[in-house]
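Using only what follows, build the 3D model:
(chains A and B)
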There are 2 protein chains.
Amino acid sequence: MTREPHLHRDGTWVGASVPRREDPRLLTGRGRFVDDIRLPGMLHAAFVRSTEAHARIASVDLSAVREVPGVVAAFSAADLGLHDIVALLDRPLHEFVPTAMPVLAKDKVRFVGEPIAIVVARDPYAAEDGREAAVVEYEPLPPITSDSAALAEGAALVHEEAPRNTLVDVSLFATEGIDEVFAAAHTVVEVRARTGRQNALPLETRGAVAEWDDRDEQLRVHTCTQVPHQVRTVLAASAGLDEKEVRVIVPDMGGGFGLKCVVGREEIATAAAALRLRKPVKWIEDRSEALTASFLAREQRYTVRAAFDADGRIQALDADVVCDMGAYSCYPFTAGIEPLMASAEMPGVYKVPAYRVRGRAVTTNKAPTAPYRGVSRPQYVMVMERVMEKAARALGIDPVELRRRNVITEFPYRGVNDVTYDPGSYKESLDLCEQVLRDEGWFDRRGSDPAIGIGFACFSERTGYGSGAFAQRKMAVVPGFDVSEIRMDLDGTVSVTTGTLSHGQSHETTMAQIVADRLGIPYDKVKIVQGDTDRVLYGWGSFASRSITIGGSAAAASAEKLGERLRVIAAHLMDVDVESTELDGAGGVRAGDRRLSFTEIAEVAYLRSHLLPKDVEPGLSATASFDVGGDGTFSNATHAAVVRLDPGTGGVEILRYVCVEDCGVAINPKVVEGQARGGIAQGIAGALFEEVRYDDAGQPLAASFMEYKVPTAAEIPDVRIEHLETPCAFTANGAKGAGEGGTIGAPAAVLNAVNDALRHTGVELDDTPIPREAIFRALERAAEPALEAR
Amino acid sequence: MTREPHLHRDGTWVGASVPRREDPRLLTGRGRFVDDIRLPGMLHAAFVRSTEAHARIASVDLSAVREVPGVVAAFSAADLGLHDIVALLDRPLHEFVPTAMPVLAKDKVRFVGEPIAIVVARDPYAAEDGREAAVVEYEPLPPITSDSAALAEGAALVHEEAPRNTLVDVSLFATEGIDEVFAAAHTVVEVRARTGRQNALPLETRGAVAEWDDRDEQLRVHTCTQVPHQVRTVLAASAGLDEKEVRVIVPDMGGGFGLKCVVGREEIATAAAALRLRKPVKWIEDRSEALTASFLAREQRYTVRAAFDADGRIQALDADVVCDMGAYSCYPFTAGIEPLMASAEMPGVYKVPAYRVRGRAVTTNKAPTAPYRGVSRPQYVMVMERVMEKAARALGIDPVELRRRNVITEFPYRGVNDVTYDPGSYKESLDLCEQVLRDEGWFDRRGSDPAIGIGFACFSERTGYGSGAFAQRKMAVVPGFDVSEIRMDLDGTVSVTTGTLSHGQSHETTMAQIVADRLGIPYDKVKIVQGDTDRVLYGWGSFASRSITIGGSAAAASAEKLGERLRVIAAHLMDVDVESTELDGAGGVRAGDRRLSFTEIAEVAYLRSHLLPKDVEPGLSATASFDVGGDGTFSNATHAAVVRLDPGTGGVEILRYVCVEDCGVAINPKVVEGQARGGIAQGIAGALFEEVRYDDAGQPLAASFMEYKVPTAAEIPDVRIEHLETPCAFTANGAKGAGEGGTIGAPAAVLNAVNDALRHTGVELDDTPIPREAIFRALERAAEPALEAR
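Residues are numbered from 1 along each chain as shown, chains lettered A, B, ... in the order given. Predicted coordinates:
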């Protein structure tokens, strides 16, 4: 662990906030998003969607649709005959129940908004008119609209092929004697919390432009996905094509946040329609569909108890988490991911000696969920940080001091959750965060203004999930590795593939920085190739903050392999030992006072291959892979929010937000800061504003930005970011993942700050989004005796 | 050597005439050629071309061009500011003189049709109108219109930066004491021959569609070239871009025949205009441009003497060849290729003990040349076969018997030309060819009809030029290798890249056959990826019959490497030794009675990489290269033509054509036959019909099919093809190249047959195309004394 901010050598690209390669095109409107793609003769799709939460489909009549002027075709599930999508998880994982998701609903609908038919027309307006003309007859079934309803004895089954609505029920840990620890504890605190159902809300909604290429015999799909190869696999399997007959291309993307790391049904249906019609078909999701019929996230219910000794040291943790997965288990991530993540990592940054957890995923008649930024971490961190604050209050210990006594300080640390934590700045970030607030005078202001509250959140985040980590959880798919193929052309410029996929995270810049350093060339001479299943051997895409840790490390490894090859060739040509050569950091190989430039070496490798050493193949390319292995690496941070409550409205004003983050070596600090700020904004949104609620009939109550309350710039405070740097020992450049952290800490910090500001009311609020009305009433009630007293 | 026609195992794809993968799309009009590419907002280009053969450009005024309605832009060399194209050949090769070829003519024009300016307009008609409006002022210089004029003392210089018009003057071999051999010889024969200037005449003319992709920051050029990577290199260098900023994509192609294996100036100019305008630009060459301003070929002049002993055994060969390269040395093949090829390989299939040769390339004010199918071989084989016929006649030995006494029969054979010939069926093909003619009664018919002549041609052809062969000739570029990248997807289907480029040769079928056998999967589960510089690491394209020998061997090597990887993984999963496993020929790996399918192995390699052996990288891909090394391999054949001369017109009717070919193992015999038939048709065209002549002012005299006489189906006989099979020891499947052979043998066979039919006239004709008038006059003169005698 080090706090040295300038660990990296001088003169490297890594560590410098160089301008983004993406900016010139994105800032001047030259980006290409899915909706920018216009193909000759392109048709437009719209979907007939279920108006029922749970019903049998008696009939689907599209004859009137086909009569609508401009409509070219309309297909139901029966018309397209596609295979279902089945997400996999290895049995036996406490009897995971796999469920099939049809591309278009067949016998049953399971949530309002579920796609039933696709209408293809000459323009989007005709497509909309067409879908209005569809006649679907339903036989309604009892809707399951909450986790408790799903778990209830005798509940209607969302999936009749499953024996129950609980798709996963897993108890990963149960320390022996834990009940005795609780019984003997000095203090036990309990938190019951529910987190609301959110939409990840990328600026760009989902969409696809698909075309069958008659000449290449390939179904080409331009779509905004975080996982192009997985879309290819699902599409090929659904449509009965070879994988080589499908090409998925991802252009620029306006965000994903996990919502686009599961395979969408509409993209598959759009591609199938294009295949059937042999015409290009475009589908662009509208915002109402995005809010109700794409993927939602976050809805979980926690019941957690924690035992503490008199000094405030945690002795045991007992947790029960129920995740409301909605109607389907999505590909490739199953219903298992949320309870598994929460169960495995809930102890977080704290030294928890005894641990018991039960995690369940239940299926309900609501839009299915995707692993939104942070996955279960914003929720369990929020619960753990509430535990800490409650314990601090119960024990009369300052909450920062209480955390200080509990955070892991010696690394590697083997947790009760069978996880080995690599070094992090858990205590240092906490200290610095507190110091910043103190220096800025916030503790003083809090002392003089009871409406002000300060809340902390201290967390770590596993960011390099290696295959070992996944395999250990018996996930069927084990996205632990990345493969990178690099090539240097005749002129010494480099192209490098990555199986990850930048959809806003600036990888075209940061990966180029990594590769440029490895080869000693300018970062604009490195082109990152991503998001094309024909160009990239295989990739798991970008999620779980894996891109730089895993993808970046693979790119670095391929660059190093190429560098080695350049040295071998140069040594041969200069007739010296390879050991006596080195890359000179300026596009050449040096041996003593002799030098060959990369272009000179490339000329031999491509144009005069007879001059190559015997065992060196012509051309300049290399392939390398990287897998973190073991338990991965952990980023960490401490967040603090300072809020003031408005007694007149119950509103929460965030006066200050401080983030002390440690993602190891920041490849590009400016990029890391952008990730942190964006994540914090999303975390605040979840803490205070955004929720898709459903009524008892399973109708979503937020179908537009009128009902789904998205914070604007006015609600998001300026954020002070401080960097600590504890390099990871086994990733390229010592980087750890930085994509999710902001979102993880913010709900906890804000919730704790609000509760701190409610300290005089006796009211504690543990659910998010925090109901403004509850704050208002708490403040109102607290004020009443004061009025009476006056 | 073997004549066993079914060497290959049963049940293999190789050796079977399976239907072509290309046929469904090409036969149903679903191919995509350059002219099929239409991009939104696409503009159209036409070229202002020189009307002078040799002149200084006093001024280029495009102001009127830009006023023509529909014209968007017009650029001269000065406007585009591109770097010149320079073909390279290592010095010292007898002081090769490199010359620069500007993309658009600058100070001088050097042939009629040379591009001076590019006009870009909204449609092709406006572009044509625009180019008519250009005003170019010339200061004429003396045109050099023949090799003798180029060589003349005090000749005007085509390139003033060069000290002379001879760009290459090379004497590769000069056996000591050769003059004494000639002096003491029983018989010396001499052949003086000139071969006419031809156009390779692909059905599809040249063309390009170029666009700057603002998002990918890449200049994308769709063009019909045999050498996409070389186009990329030239374009990047000309326009000052990185190679990674250029992507060359080759769609379907309607032939190339070598004309498209040099980089065209118009394609570069079109791309530069697209780059400048930031709009897509299309240029499609019209036939008149193709005949006069693209690339021509074949024009050579030979003076050859050969010494024979009384038994008809050749004792020495003394050759002088002058190649008229036209105005420029083209990239990547220089003016050196024709004289080098002729010099190195002229002894051909014969045991020549003493050899002397001088080869020169001269530059003239005619359209430049490209290495058309066979390169110098149709010419030097024609000359050698004339030598054999003349010697046979002089010695009174049957010409087949004379050849039989001279052909190489013991292999490997080290020739006087420093070349080692691998085994071939030189004598066997000759015997079989003669036998076929005898069996069909042609010798009898010749005996009874003096208008009938029979001509033979016996030749071999080096088809796998390894880097060694090129390096030995001191070529700057050494296109000896190919690299292939293969990947197997999750479903066990395979994509494999090749650096070669099928432009009519059916590689999508034949390479798939090769790879399918290596892996034991159906050939339609193998997709060949070619012709895209972003997809293919590097490639030298297709020419010199190198595709199957080198590209096919690289593809086989990558498939074998992948097969090995599949076995390693399977062995690990089945817990057995790798040695005990084998590919089962049905998409799986077998060990005893246990088996894993490729899809099962792929699932581990991609989805459960933690189950892989420690040292095996995730994913299923492999890269392998192949270089023939040494002197390559030699295909061979004997051709025979039976002709009847028409005394009324001097016309030549080909009554029968027999081809006994040996290209080693024929991957797909039907494809080989197609190559042979097409090549023979082109050879006949050169022998009897096609020529671009120039007048003394350097004006081309064949600017349309009215003047350039292309044979139709009526002129091309049915061809009987017999296969012999002498497998190559070091290429995949024992294949040798098969692309050029037909063209090489036909001119010699036809010319010999015509001379045989003229045997009673005393006239011998050694130039091609054979002047019909000369035949007519010879027959007429021969008939006159007969008339007088009557």
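
buried residues in the strand or helix carrying A:Gly674?
Secondary structure from DSSP states H and E places A:Gly674 in helix A:669-688. Judged by neighbour count (16 or more other C-beta atoms under 10 Å in any protein chain shown), helix A:669-688 contains these buried residues: A:669, A:671-688. In short, each C-beta sits where N, CA and C put it, glycine included.

Could you give the number of residues near the nearest residue to A:Ser609 once chain neighbours are set aside?
Leaving aside its sequence neighbours, A:Ser609 sits nearest to A:Pro618 (C-beta to C-beta, 6 or more residues apart in numbering or on different chains; 3.8 Å). Look at A:Pro618: counted by other C-beta atoms under 10 Å in any protein chain shown, it has 27 neighbours.

My read is that A:Pro618 contacts A:Ala605, right?
Yes - between A:Pro618 and A:Ala605 there is a contact at 6.0 Å, judged by C-beta atoms under 8 Å.

ok, back up a step: downstream of the helix holding A:Gly674, the next helix or strand is which one?
Immediately after helix A:669-688, counting by DSSP H and E, sits strand A:719-724.

what helices or strands is that following strand leaning on?
helix A:426-439, strand A:651-662, helix A:669-688 (3 or more C-beta pairs under 8 Å, 6 or more residues apart in numbering or on different chains; DSSP states H and E).

now the angle from the second one to strand A:719-724?
Which is strand A:651-662. 20 degrees (axes from the mean of the first three to the mean of the last three C-alpha atoms, to 10 degrees).

what ranges do the helices span in the stretch 51-200 of chain A?
Along the stretch 51-200 of chain A, the segments classed as helices by DSSP state H, counting those that start in this stretch run A:63-67, A:77-80, A:124-132, A:147-151, A:178-184.

Select, out of the ones you listed, the one closest to chain B.
When those are compared by C-beta to the nearest C-beta, helix A:124-132 sits nearest chain B, at 18.7 Å.

I'd like the average pLDDT over the closest one.
In this model, helix A:124-132 carries a mean pLDDT of 98.

What are the buried residues along that helix?
A:Pro124, A:Ala126, A:Ala127, A:Asp129, A:Gly130, A:Arg131.

And stretch A:716-731, by the same measure?
Quick answer for stretch A:716-731 (16+ other C-beta under 10 Å): A:716-717, A:719, A:721-728, A:730-731.

Can you give me the end-to-end span of that stretch?
33 Å (C-alpha to C-alpha, to the nearest Å).

Quick one: distance of that stretch to the chain centre.
18 Å (C-alpha atoms, centre = their mean, to the nearest Å).

re earlier: output the helices and strands packed on strand A:719-724 in CSV, with mean pLDDT and distance to chain B appended to each entry.
Shown next, in CSV, are the helices and strands packed on strand A:719-724 (pLDDT from 0 to 100; distance: least, C-beta to the nearest C-beta, whole Å):
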stretch, mean pLDDT, distance to chain B
helix A:426-439, 98, 29
strand A:651-662, 98, 28
helix A:669-688, 97, 20
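
how about the residue of the stretch 151-300 of chain A found nearest chain B, phi and psi?
For the stretch 151-300 of chain A and chain B, the shortest gap (C-beta to the nearest C-beta) falls at A:Glu243, measuring 3.7 Å. Main-chain torsions, A:Glu243, degrees, to the nearest 10: phi -60, psi -30.

same question, the one 4 residues further on
Taking degrees, to the nearest 10, you get phi -130, psi 120 for the backbone angles of A:Arg247.

Let me see the contact set for it.
A:Arg247 is in contact with A:Asp216, A:Gln218, A:Leu219, A:Arg220, A:Val221, A:Arg232, A:Asp532, A:Thr533, A:Asp534, counting by C-beta atoms under 8 Å, 6 or more residues apart in numbering or on different chains.

Model confidence for the residue minimising distance to the centre of chain A, exactly?
The centre of chain A sits closest to A:Arg373, judged by C-alpha atoms, centre = their mean, with a distance of 3.4 Å. We have a pLDDT of 95 for A:Arg373.

My reading is that it is in a strand; is that accurate?
No - counting by DSSP: H, G, I helix; E, B strand; the rest coil, A:Arg373 is not part of a strand but coil.

how close does it get to A:Val416?
26 Å (C-beta to C-beta, to the nearest Å).

what do you get for A:Ser425?
21 Å.

more neighbours, these two?
Using other C-beta under 10 Å as the criterion, A:Ser425 and A:Val416 rank with A:Ser425 on top: 27 against 18.

Go ahead and confirm that one touches A:Asn636.
Yes - taking C-beta under 8 Å as the contact criterion, A:Ser425 and A:Asn636 are neighbours in contact, 6.3 Å apart.

so what sits against both of these two?
With C-beta under 8 Å, 6+ apart as the test, A:Ser425 and A:Asn636 both reach A:Asp662, A:Thr726.

which residues in the stretch 301-450 of chain A form helices?
Counting by DSSP H, counting those that start in this stretch, the helices of the stretch 301-450 of chain A are A:337-345, A:377-395, A:399-406, A:426-439, A:442-448.

Could you identify the helix or strand that succeeds the shortest one?
Just to be clear, that refers to helix A:442-448. Counting by DSSP H and E, what follows helix A:442-448 is strand A:452-462.

mean confidence for that next one?
Strand A:452-462 comes out at a mean pLDDT of 97.

Now do that strand against helix A:399-406, angle only.
Using the same axes, to 10 degrees: strand A:452-462 against helix A:399-406 is 20 degrees.

Given strand A:452-462, what are its sheet partners and their directions?
strand A:634-646 (antiparallel) (DSSP bridges).

tell me which residues of the partner strand are tucked away?
Neighbour count says strand A:634-646 has A:Phe634, A:Ser635, A:Asn636, A:Ala637, A:Thr638, A:His639, A:Ala640, A:Ala641, A:Val642, A:Val643, A:Arg644, A:Leu645 buried, by 16+ other C-beta under 10 Å.

The second one bridge partners, please.
Bridge pairing for A:Ser635 (DSSP bridges) gives the partners A:Glu461.

Same question for A:His44.
A:Ala121, A:Lys282.

ok so, going back, can I get the helices of the stretch 301-450 of chain A in a markdown table including mean neighbour count and distance to B:Met384?
Listed next are these as a markdown table, based on neighbours: other C-beta atoms under 10 Å in any protein chain shown; distance: least, C-beta to C-beta, whole Å:
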| stretch | mean neighbour count | distance to B:Met384 |
| --- | --- | --- |
| helix A:337-345 | 26 | 75 |
| helix A:377-395 | 25 | 80 |
| helix A:399-406 | 20 | 93 |
| helix A:426-439 | 20 | 84 |
| helix A:442-448 | 14 | 97 |
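
wait, which of the ones you listed is closest to B:Val754?
helix A:337-345 (80.8 Å; C-beta to C-beta).

what residues go with each domain of chain A?
What automatic domain parsing lists as the domains of chain A is A:1-31+A:407-465+A:630-790, A:481-627.

Would you pull up the residue in the stretch 51-200 of chain A closest to chain B?
Closest point on the stretch 51-200 of chain A to chain B, by C-beta to the nearest C-beta, is A:Leu88, at 8.7 Å.
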